[in-house]
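J.: sequence unknown, structure follows:
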């Protein structure tokens, strides 16, 4: 029940308000979670589930703070495949990114990996391990364009992505494409 969940979240945030950091760059991380609790081992839709929300005060995501992030463009590993669950926040989407992120840091000094997806003879940019990606391009015929990958089932949608797209379209200063 969406309405009940929002009321529970509001109550939790009122209870946890003392944990909300006041410093710039800090925030209260909120993670809704659902786990199956059906007492069986196997592959099937659960008959029972537990929904809960975890909150935790967090500091800046990157140790360097709000500075440009070095990205390693990975043409070998794929974060999410078409037809899979790349569009939802599930643990299975994180496991395949651990080794490539470690390699990018150790071998190239990068904080994040920008994943690609081969489609025919094209190599499409997907998203980075911890973020959607946007490109601000100067168009050959003049003008500018903000481009990001479309929600094709491999991209995780979110409020930040949606807000950036909506605000930029509202401004009307440049083309916005997905």
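T.: Good, I have the coordinates. This is a predicted model, so every value here is computed, not measured. Residues are numbered from 1 along each chain as shown.
J.: do a quick rundown of the strands in the protein.
T.: 27-36, 49-58, 71-74, 112-119, 122-128, 134-138, 144-148, 175-177 (DSSP state E).
J.: any idea which of these scores lowest on pLDDT?
T.: Here these differ in mean pLDDT, and the lowest is strand 122-128 at a mean of 85.
J.: shaky segments in the chain?
T.: Where the chain drops to pLDDT under 70, the residues are 62-66.
J.: nearest to the spatial middle of it, which residue is it?
T.: Taking CA atoms, centre = their mean, the centroid of the chain lies closest to residue 131, which sits 4.5 Å from it.
J.: that residue and residue 112, how far apart?
T.: To residue 112, residue 131 is 7 Å away according to CB to CB, to the nearest Å. Glycine gets a C-beta too; all of them are placed from N, C-alpha and C.
J.: quick one: terminal-to-terminal distance for stretch 89-97?
T.: This stretch, stretch 89-97, spans 14 Å end to end (CA to CA, to the nearest Å).
J.: again, but for stretch 52-72
T.: First-to-last distance for stretch 52-72 - CA to CA - comes to 35 Å.
J.: how about it: buried residues?
T.: The neighbour-count check on stretch 52-72 (16 or more other CB atoms under 10 Å) flags 55, 71-72 as buried.
J.: closest one of these to residue 86?
T.: residue 71 (18.2 Å; CB to CB).
J.: next up, the contacts around the nearest residue to that closest one once chain neighbours are set aside.
T.: Nearest residue to residue 71, sequence neighbours excluded (CB to CB, 6 or more residues apart in numbering): residue 114, at 4.4 Å. Neighbouring residues of residue 114 by CB atoms under 8 Å, 6 or more residues apart in numbering: 71-74, 125-128, 133.
J.: kindly report the same for residue 51.
T.: By CB under 8 Å, 6+ apart, residue 51 lies in contact with 5, 32-34.
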